[in-house]
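# What shape does this take:
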Amino acid sequence: MSTKRFSDFAEEEMPLDGEKIPIIQLLNRELEIIGYKIRPSKYEKNNSGKCLTLQVMVDGVKRVLFTGSDVLIDQMSKYGDQIPFSTIIKKIDRYYTFS
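Predicted coordinates for the structure are as follows:
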């Protein structure tokens, strides 16, 4: 009989690990989205009042970024079940979007 792994039965949400990186450093670069969380924001700068945490692989390194981008939050709400996926984050006028 083999021993169970905690991750096989735990219901707690595991933290997204990786070194933090500003979104500006990832613009127009190919990256792989490997995890995300959407939570209430501590800041009131966006319409949704939410904050998106993205876990990405870029150049073979796992990184984490935080954003209040309502467009990215909406896109992850719709397509988060497609993870993992490759994308490029673009800045168009005053907002960020996946392309």
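
# Please compute how far stretch 43-60 lies from its chain's middle.
The chain centroid and the centroid of stretch 43-60 are separated by 6 Å under C-alpha atoms, centre = their mean, to the nearest Å.

# Just the buried positions in that stretch, please.
Neighbour-count burial for stretch 43-60 flags 46, 50, 51, 52, 53, 54, 55, 56, 57, 58 (criterion: 16 or more other C-beta atoms under 10 Å). Bear in mind the C-beta positions are built from the backbone N, C-alpha and C, glycine included.

# could you dump these to TSV with pLDDT, secondary structure and distance to residue 21?
As requested, these are arranged in TSV below (pLDDT from 0 to 100; DSSP: H, G, I helix; E, B strand; the rest coil; distance: C-beta to C-beta, whole Å):
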residue	pLDDT	secondary structure	distance to residue 21
46	77	coil	20
50	91	strand	20
51	93	strand	16
52	95	strand	14
53	95	strand	12
54	96	strand	10
55	96	strand	11
56	96	strand	8
57	96	strand	12
58	94	strand	8
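
# quick one: which two of those are the most distant?
Pairwise distances across the buried residues of stretch 43-60 (C-beta to C-beta) peak at 25.7 Å, for the pair 46 and 57.

# can you list the weak-confidence ranges in this structure?
1, 11-14 (pLDDT under 70).

# longest helix in it, by residue count?
Taking DSSP state H as the criterion, the chain has its longest helix at helix 70-79.

# Can you list the neighbours in contact with that one?
By C-beta atoms under 8 Å, 6 or more residues apart in numbering, the residues outside helix 70-79 that reach it are 33, 36, 38, 46-48, 50, 52, 54, 67, 85, 89, 95-98.

# ok, 6 Å please
36, 38, 46, 47, 48, 50, 52, 95, 96, 97, 98 (C-beta atoms under 6 Å, 6 or more residues apart in numbering).
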